[in-house]
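>>> coords please:
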Amino acid sequence: MHVLPLLLLVAGSAAVAGAARRTPVPAPLLLVAAGLVFSYIPGVPVYELDPEIVLPLVLPPLLYTAATDSSYLDLRAQLRPVALLSVGYVLFATLVVGWAAYLIVPSLPLTAALVLGAVVAPPDAVAATAVARRVGLPSRITTILQGESLVNDATAITAYKVALAAAIGEGATWAGGIREFLIAAVGGVAVGLVLMIPIHWLRTHMKEALLQNTLSLLIPFVAYGVAEQLKASGVLAVVVVALYLGHRAWEVDFATRLQEEAVWKMVAFVLESAVFALIGLQLPVVLKGLGQYEGTSAAWYALALFLVVVAARFVWVYPATFLPRLLSARIRKREDNPTWKGPFIIGWAGMRGVVSLAIAFSIPLTFHGGEAFPDRNLILFLTFTTVIGTLVVQGLTLPPLIRLLKLPGRDVQAETLAEANAQAQASRAAEQRLDDLLTDERNALPPPLADRLRGVMEHRRNAVWERLGAVNPVTGESADDTYRRLSREMIGAEREVFVKLRDLRFIDDEMLRTLLRRLDLEEAAAYRETA
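Numbering: from 1, shown residues only. Modelled structure (predicted):
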């Protein structure tokens with residue numbers, strides 16, 4: 001791809017994603033729609049999705065940022081439903097969707113149909129995370145969906161490789177497929193376990209935040225590349241490393257964490273936006289080679305396959321939710337009894353995404369000396385329509401469905417109370433530590449400076465409690481909102497004076513940058529203490 005089309009893709013998708021923040025429509029859906037529209041505007045370049053770019057260069061950073069934002073402890077607590085969805089459901093969907101495609105499309109061989117089943121089996125990590133954040137799903141459901149989307153790509157890619165080997169006549173067997181799956185899974189986890197400790201050691205022993213964040217940008221590619229080189233699952237290697245680093249992020253210095261958060265937010269925003277726009281832009285590429293299936297037959301195949309994909313997820317989710325409870329008294333004792341609503345949302349939240357398209361585009365054109373892969377263009381078309389259908393139909397209806405079912409969302413009051421209690425305990429520990437330090441004459445401070453330390457600590461302790469209190473009857477602000485606003489006004493006044501002094505040549509630009517950075521850090525601190 002040339003530089004200009006790539007720049008247009010990044011800039012255009014970022015602009016659409018930015019506009020989506022001002023609408024009730026989730027950004028992924030608006031980006032896909034924009035891609036579909038722009039794909040037929042004369043003069044817009046043809047963007048053919050390249051699996052050699054998406055799988056090794058786009059998927060690792062997206063998985064890394066999603067995994068570092070996830071909770072290892074929460075995922076461990078939901079290990080059973082996550083495993084049943086990320087492994088069991090993907091294999092089940094591969095077989096069911098593949099068999100259904102074989103019955104629906106008369107000319108499609110069973111082996112090629114299983115390839116299609118593996119391609120459309122995994123819900124997408126990017127889509128699930130983006131929609132879950134937007135609609136405010138209950139924390140347990142969000143954890144399950146995020147955990148599923150982190151691991152299921154590894155299952156799907158392995159299932160695809162086995163099905164592809166069978167389709168092109170390389171003698172794939174059930175035993176060989178199980179062996180390949182185990183090697184990929186165990187190998188990917190092993191690579192992640194081997195890499196995570198030395199990488200974390202490097203992160204904690206580097207003294208420069210700039211170097212630490214350069215390493216951070218390389219980590220997902222290193223983990224993915226090493227695992228794939230060893231014929232293991234790069235996806236699992238990235239997830240294992242990222243979960244460990246996210247769990248131990250508190251051991252890295254504050255400057256690295258601040259920079260890293262900003263850097264990865266930007267990377268995730270750019271990649272997610274471009275990925276969803278790319279999905280819509282694939283329509284001309286997919287339709288170009290449809291050939292004999294053009295017309296109503298391809299549309300009927302697409303509709304039938306979409307319905308099978310949606311139905312198969314419900315067929316798996318409900319037994320996977322309730323059967324373990326029926327069979328195990330330990331599970332019944334340990335876990336609350338679920339209602340039908342949670343599994344329904346999990347079943348309806350199975351949006352497909354760019355990984356399915358990337359895998360589909362990696363299907364070879366020919367094999368065995370030039371023999372064409374059976375119905376490759378139809379498989380691409382059905383993958384595309386399934387991805388679009390799940391994103392649009394399920395993505396658009398998920399928010400109103402959650403409201404209709406009246407699922408309990410996050411308890412903001414309880415979370416704020418827990419935060420306030422945690423801050424109170426931490427503040428008491430900090431106050432005790434300060435008192436102990438001040439008893440040593442080496443730490444002697446003038447009373448005003450010691451009082452300032454105590455004042456900052458006191459404000460941190462009180463700010464969370466104030467969010468639970470009454471609001472200003474005139475402005476509608478809480479006390480911490482007013483504090484933040486006044487702090488910004490004061491800092492803004494200082495900033496204007498510094499700029500004016502620079503313009504009058506009382507200070508130079510280097511000193512201005514130093515002073516402005518100090519104000520920026522103070523403003524960031526005021527915002528973080530009250531946000």
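
>>> only C-alpha atoms for contact and neighbour calcs from this point on.
Fine.

>>> now the helices for the stretch 401-531 of the chain?
412-438, 447-467, 479-503, 509-530 (DSSP state H, counting those that start in this stretch).

>>> out of those, nearest to V315?
helix 412-438 (33.5 Å; Cα to Cα).

>>> now that closest one: buried residues?
420, 423-424, 427, 431 (16 or more other Cα atoms under 10 Å).

>>> ditto for stretch 516-524
516, 519-520, 523.

>>> now stretch 30-40
Neighbour-count burial for stretch 30-40 flags 30-36, 38-39 (criterion: 16+ other Cα under 10 Å).

>>> quick one: low-confidence ranges for the stretch 351-500 of the chain?
368-370, 409-413, 464-473, 475-476, 478 (pLDDT under 70).

>>> swap in the stretch 1-150 of the chain?
1, 125-136.

>>> whichever strand or helix holds V310: what's the following helix or strand?
Assessed by DSSP states H and E, V310 sits inside helix 296-327. Using DSSP H and E, the helix or strand that follows helix 296-327 towards the C-terminus is helix 329-334.

>>> could you check the angle the helix or strand just after that next one makes with helix 296-327?
Heading C-terminal from helix 329-334, the first helix or strand you meet, by DSSP H and E, is helix 341-348. Put simply, helix 341-348 runs at 150 degrees to helix 296-327, going by axes from the mean of the first three to the mean of the last three Cα atoms, to 10 degrees.

>>> hmm, back to that, per-residue confidence averaged over the helix holding V310?
The average pLDDT within helix 296-327 is 92.

>>> so what does it touch, helix or strand wise?
Counting contacts by 3 or more Cα pairs under 8 Å, 6 or more residues apart in numbering; DSSP states H and E, helix 296-327 packs against helix 90-104, helix 329-334, helix 341-348, helix 376-389.

>>> buried residues of the longest one, list them for me.
So that's helix 90-104. 90-102, 104.

>>> okay, those in a markdown table with distance to V151 next?
Below are these laid out as a markdown table (distance: Cα to Cα, whole Å):
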| residue | distance to V151 |
| --- | --- |
| V90 | 10 |
| L91 | 13 |
| F92 | 15 |
| A93 | 15 |
| T94 | 15 |
| L95 | 19 |
| V96 | 20 |
| V97 | 20 |
| G98 | 21 |
| W99 | 24 |
| A100 | 25 |
| A101 | 25 |
| Y102 | 27 |
| I104 | 30 |
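
>>> wait, which of those residues is closest to F381?
A101 (12.8 Å).

>>> my guess is that closest one meets L303, correct?
No. The criterion here is Cα atoms under 8 Å, and A101 misses it with L303 at 11.3 Å.

>>> would you state the helices of the stretch 1-150 of the chain in chain order?
3-20, 27-38, 51-53, 59-68, 72-77, 79-83, 90-104, 110-120, 125-135, 139-167.

>>> most tightly surrounded among those?
helix 110-120 (a mean of 28; mean count of other Cα atoms under 10 Å).

>>> ok, residues contacting that helix?
90-91, 93-99, 101-102, 156-157, 159-160, 163-164, 166-167, 352, 356-357, 359-360, 374-375, 379, 383, 386-387 (Cα atoms under 8 Å, 6 or more residues apart in numbering).

>>> also stretch 185-201?
With Cα under 8 Å, 6+ apart, stretch 185-201 has contacts from 154, 219, 223, 226-227, 230-241, 244-245.

>>> do that again at 7 Å, thanks
223, 227, 232-234, 236-238, 240-241, 244-245 (Cα atoms under 7 Å, 6 or more residues apart in numbering).

>>> mind checking how far L85 is from F92?
10 Å (Cα to Cα, to the nearest Å).

>>> pull out the buried positions in stretch 271-285.
For stretch 271-285, a neighbour-count test (16+ other Cα under 10 Å) marks 271-283, 285 as buried.

>>> so which of the residues you listed is the closest to V54?
V275 (8.7 Å).

>>> and the closest one, what does it touch?
V354.

>>> just give me the residue right at the centre of the chain.
Against the mean C-alpha coordinate of the chain, by Cα atoms, centre = their mean, the closest residue is A66 at 3.7 Å.

>>> V285 sits in which helix or strand?
Assigned by DSSP H and E, V285 falls within helix 283-288.

>>> what does that helix contact?
So helix 283-288 is contacted by 36, 39, 48, 377, 380-381 (Cα under 7 Å, 6+ apart).

>>> reformat the residues you listed as TSV; add distance to L150.
Shown next, in TSV, are these (distance: Cα to Cα, whole Å):
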residue	distance to L150
L36	27
S39	30
E48	25
N377	28
L380	24
F381	25
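
>>> got the phi and psi for E208?
The phi and psi values for E208, taken as degrees, to the nearest 10, are phi -100, psi 130.

>>> er, L230 actually
Main-chain torsions, L230, degrees, to the nearest 10: phi -90, psi 10.

>>> could you report the separation of it from A154?
15 Å.

>>> swap in K500?
Separation of K500 from A154 (Cα to Cα): 57 Å.

>>> for L210, same thing?
32 Å.

>>> how far does stretch 508-523 sit from the chain's center?
Stretch 508-523 sits 34 Å away from the centroid of its parent chain (Cα atoms, centre = their mean, to the nearest Å).

>>> wait, stretch 501-518
The answer for stretch 501-518 is 40 Å, by Cα atoms, centre = their mean.

>>> how about the helices of the stretch 401-531 of the chain, which one is nearest W264?
helix 509-530 (17.9 Å).

>>> ok, residues contacting the closest one?
460, 463, 480, 484, 488, 491, 495, 498, 502.

>>> pull the most distant pair out of those.
A463 and R502 (35.4 Å).

>>> isn't I279 up against A33?
No. If you go by Cα atoms under 7 Å, I279 and A33 don't touch, sitting 9.2 Å apart.

>>> start to end distance for stretch 56-73?
Chord length of stretch 56-73, first to last residue, is 28 Å (Cα to Cα).

>>> now swap in stretch 49-57 and tell me
Stretch 49-57: ends 12 Å apart by Cα to Cα.

>>> stretch 288-300 now?
18 Å.
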